[in-house]
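Peer 1: here's my sequence, what's the structure:
(2 chains, ligands or ions: 3)
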Amino acid sequence: MAHEVHAQTEVHHEPQSFWTRYIFSQDAKIIGIQYLITAFVMGFVAMVLSWLMRLQLGFPGKTFPWLEKLLPHAAQGGILNQDFYLAAVTMHGTIMIFFFITAAGTGGFSNFLIPLQIGARDMAFPFLNMLSYWVYLAACIVLIASFFVPGGPAGGGWTMYPPLSSVKEALMGSGWGATLWLIALALFIASTTMGSLNYITTVLNLRTKGMTMGRLPLTVWALFITAILGLLSFPVLFAAAVMLLLDRHLGTSFFTPYLVVSDKHIPHEGGNPILWQHLFWFLAHPEVYIAILPSMGITSEVLSTHARKPIFGYKGMVAAIAAIALLSFLVWGHHMFVSGMNPWLGTAFMTTTLLIAVPSAIKTFNWLATLWGGNIRFTTAMLFAIGFISTFATGGLTGIFLGNPPVDIPLHDTYFVVAHFHFVMGVSAVFGLFAGVYHWFPKMFGRMMNERLGKLHFWLTFIGVYFIFFPMHYLGFLGVPRRYYAFDQYDFIPQALVHNINVVVSVAAFIVGAAQLLFVINFIWSLFKGPKADRNPWKANTLEWQAPSPPPHGNWGDELPVVYRWPYDYSVPGAPEDFIPQTVPTVPARRGDGGDGKGGQASQ
Amino acid sequence: MRRKRGQMDGVVLALLLVLLVLAAAITVAGSKKFGWWLRPLASEHGAAIDRLFVTTLVITGVVFILVQLLLAFLVFRYRGEAGRRAVFYPDNPRLELAWTIVPAVILTMLILSGGRLWSRIQLSSPPPDAFVVEVWGQQFKWAIRYPGKDGKFGRVDMRLISGDNPLGIDTKDPASKDDIFFPAGEGELHVPVNKPVVVYLRSKDVIHSFYVPHFRVKQDAVPGMVTRVWFVPTRKGQFEIACAELCGQGHYTMRGILIVEDEAQVQEWLAQQSTVADLIP
Ligand code: HEM
Ligand SMILES: [Cu+2]
Ligand SMILES: [Cu+2]
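Peer 2: Numbers count the residues shown, from 1 in each chain, chains lettered A, B, ... in the order given. Ligands and ions are numbered 1, 2, ... in the order given. Next comes the predicted model:
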């Protein structure tokens, strides 16, 4: 079935006008690039917000006249005010997780890579695909618009726990800001749902001849399973967002009980705030895997290509992704150990949570084994992929503290958590995305990026993120709570020490932020001035490198490629070169290779 | 020339990873000395939490060191060279089984000890003679209520909350007459030393979290329901209560005071306080 090539064989006419080609494009490659660029712009906004937060945390009480000029309402007197600090935390987290990482990973790389790597001409539903991007863009616009409404953007944290987020009296940002946040998120979910349907259908139905599921590159496996996760979990948050909108505007009481907010009686009846937490985390835990899986796929691909080695334990890697995906639906309660939910649930969620560390460990060791015996080329992409392993391991290990409920009690909602999630899904997901852009830029645009600038970008970022986030573990040991505007109200917080740590962290954050400009400059410069890339500059095996750079509309000219082997035949003994593309036939297939064409010699 | 530079990248990266391991090892090992450690303990169950914390720190610390050093070794050792060929080594089921089973065993051990401790702290009931108090979260202060001589809290109803009756205590309920309450921001929380203390948590407005760092205590206060946490203070003195769940603009200022003293002192102090019968007409 999968080998049949459906109606896709005919080559579509190349769209002629600039508008249909680059703007209202239905070509998955262009849509992927649109997603990527939009997502990186959003990421930049989120990063600027983190600068503002770090300015306050590192230099509390200092007045910055330029800040007042920049943000007259948020920084009267040159000091960021409390409400805007919370808005910055919220928008930073929301944008980073959904509008940057998720959008770039699934929207960007799924669109660019899936059709090319499975040998299809495009996605199964090109129009739906275009719609998905435009709805995403609408979501971005609605979210950004919330900076300009009365009361400012939402301030309840990216988790938006009611009643803080459901009654406007509770918080500045719980007026217009919260409404727009919920609408933006609902739009975002509509967009990812359209996307996910498309990616799943495409992977299942449009693989070219010979591309069995067992020969899919790990990027496609990761993106495919990410899409399934998204399709099953995002709609739950959609429902929750609609219910919260109803609580806010139509007087329902799903999440809101009877309240007295600053002496004002708010006559809701019987709602349960914890219900929101269950619904939210039922999405939001799988969401952290939705954020990280594409980067894991990219890391696998980049490591194998630039170490000139087959990925170690392909089947184990696929099984680990699948296990992570399955378990990720069963762990959401680890965010709620002290929420007031039945403590028996804590025992259950502890078990599933610590078990999910096993497939993560398998992946990490398989990546390390992939490097073993390699002939490593340190391209920028490779450096970021190696950086991914380091930061993912660092962040993954701290999860073992937080998944164990008694140990979580002192650490919950402290800076230890901030350190944990930034390493495991913030920094490492971003490293994966950078690796992906540096690796596939030649295919996307037909030009090479500048490696010297790229490496400078890597070194500054890699060293910098450890300076930003590693010291936060110690703030967590000290019990310093997160989402705090300042720490000067408490005697249990050693003031001088914590202040010094915060200065170091803030300075590192400014440097790392500035280093991202190197990436922007490199990207734009290379787009126009980079040296021309040939078809396969990295000597890689997957199908996209058999297409021209950049691939034309329809990807493959008249004939679809035919696949004979798995994607990781690097350094096969006896082969003339240290790579054998998937399109090279095998003679005869080696015994015991399970039919995936692994290590088969080329027939000349 | 290009090759050379590529080789250097591997050396630099390996060096950085070694530095990372060194810095992490020194700062963690010295964290008590440098003063960036857990706050000095003042509760009974906290000792077990701290032990499990240290166990986890040791286990994860060893894995951290191994993984980062291994990564450093690999990028150093297998720096590419023109003309060399990598080995073709696609899998090894036995190795993979090993690094499935070893983590699984370690994690199972952690699950068991975590589960045992959790059931001791959270699934067990406090003894019936425990000292009982109720703490209310309210933007951005804590209110307190003691049950009074009868040991029973009177009924509360949020609809009754008013300027005179900040906790909405139902004065028709006889159990409420001897309740002692302090409106938000007034009064301290007095509890006896070396005796189980049960804190019932309520909130008037949004979610707060009752957080006492020295006690290893953290429990959310959720409007519309009553949550509970119990512990045994082991040290006399004055401790801070912080709010650990984002509750609005003044979240970072929501400080409360908890005083641990001899039970006799607590009772004496309580006897001097006005009751609901005195305060609410
Ligand atoms: C230069 C890099 C970054 C810096 C300096 C930074 C800094 C911060 C700071 C200061 C906070 C608020 C801490 C608090 O007050 O509780 C925060 C929260 C957060 N950050 Fe980042 N961050 C960075 C990158 C990222 C990335 C890449 C992600 C992607 C996942 C991310 C996700 C989050 C989330 C989810 C929150 C929590 C928001 C909340 O509490 O509601 N950050 N970050
Ligand atoms: Cu989670
Ligand atoms: Cu609070």
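Peer 1: nearest residue to the closest residue to ligand 1 within the stretch 51-200 of chain B in space, ignoring adjacent ones along the chain?
Peer 2: Ligand 1 sits closest to B:F140 of the stretch 51-200 of chain B, with a gap of 16.3 Å, by C-beta to the nearest ligand atom. In this view, the C-beta of every residue, glycine as well, is placed from N, C-alpha and C. If the residues on either side of it in the chain are set aside, B:F140 comes closest to B:G250, at 3.5 Å by C-beta to C-beta, 6 or more residues apart in numbering or on different chains.
Peer 1: tell me the contacts of the one you found?
Peer 2: The contact partners of B:G250, taken as C-beta atoms under 8 Å, 6 or more residues apart in numbering or on different chains, are A:82, B:139-140.
Peer 1: so which of the residues you listed sit within helices?
Peer 2: Mapping these onto helices (DSSP state H) picks out A:Q82.
Peer 1: mean confidence score for stretch A:95-113?
Peer 2: Mean per-residue pLDDT for stretch A:95-113: 97.
Peer 1: so is it next to ligand 1?
Peer 2: Yes. Counting by C-beta under 6 Å from any ligand atom, contacts between stretch A:95-113 and ligand 1 involve A:96-97, A:101.
Peer 1: who wins for neighbours among these?
Peer 2: Neighbour count (other C-beta atoms under 10 Å in any protein chain shown) singles out A:I101 as the most crowded of the residues of stretch A:95-113 next to ligand 1, with 28 neighbours.
Peer 1: quick one: it and A:A429 touch, right?
Peer 2: Yes. Taking contacts as C-beta atoms under 8 Å, A:I101 lies within contact range of A:A429: 4.8 Å.
Peer 1: re the thing from before, most neighbours among the contacts of B:G250, which one?
Peer 2: Result: B:Q139 is most packed of these (other C-beta under 10 Å), 23 neighbours.
Peer 1: show me what contacts that one?
Peer 2: Neighbouring residues of B:Q139 by C-beta under 8 Å, 6+ apart: A:170, A:261-262, B:205-206, B:247-248, B:250, B:254.
Peer 1: cutoff 7 Å now
Peer 2: For B:Q139, the contact set (C-beta atoms under 7 Å, 6 or more residues apart in numbering or on different chains) comprises A:262, B:205-206, B:247-248, B:250.
Peer 1: include pLDDT and distance to ligand 3 when you put those into a markdown table, please.
Peer 2: Output for the contacts of B:Q139, formatted as a markdown table (pLDDT from 0 to 100; distance: C-beta to the ion, whole Å):
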| residue | pLDDT | distance to ligand 3 |
| --- | --- | --- |
| A:S262 | 90 | 13 |
| B:D205 | 96 | 9 |
| B:V206 | 97 | 7 |
| B:C247 | 97 | 3 |
| B:G248 | 96 | 7 |
| B:G250 | 96 | 8 |
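Peer 1: buried only: go through the residues you listed for me.
Peer 2: Buried members of the contacts of B:Q139, counted by 16 or more other C-beta atoms under 10 Å in any protein chain shown: B:205-206, B:247-248.
Peer 1: what's the spacing between B:H190 and B:A175?
Peer 2: Here the distance between B:H190 and B:A175 works out to 21 Å (C-beta to C-beta, to the nearest Å).
Peer 1: compare these two (neighbour count), which wins?
Peer 2: Neighbour tally, B:H190 and B:A175, criterion other C-beta under 10 Å: the higher count belongs to B:H190, 21 against 17.
Peer 1: A strand includes the more buried one, no?
Peer 2: Yes. Counting by DSSP: H, G, I helix; E, B strand; the rest coil, B:H190 is part of a strand.
Peer 1: bridging residues for it?
Peer 2: The partner list for B:H190 in beta bridges (DSSP bridges) reads B:I259.
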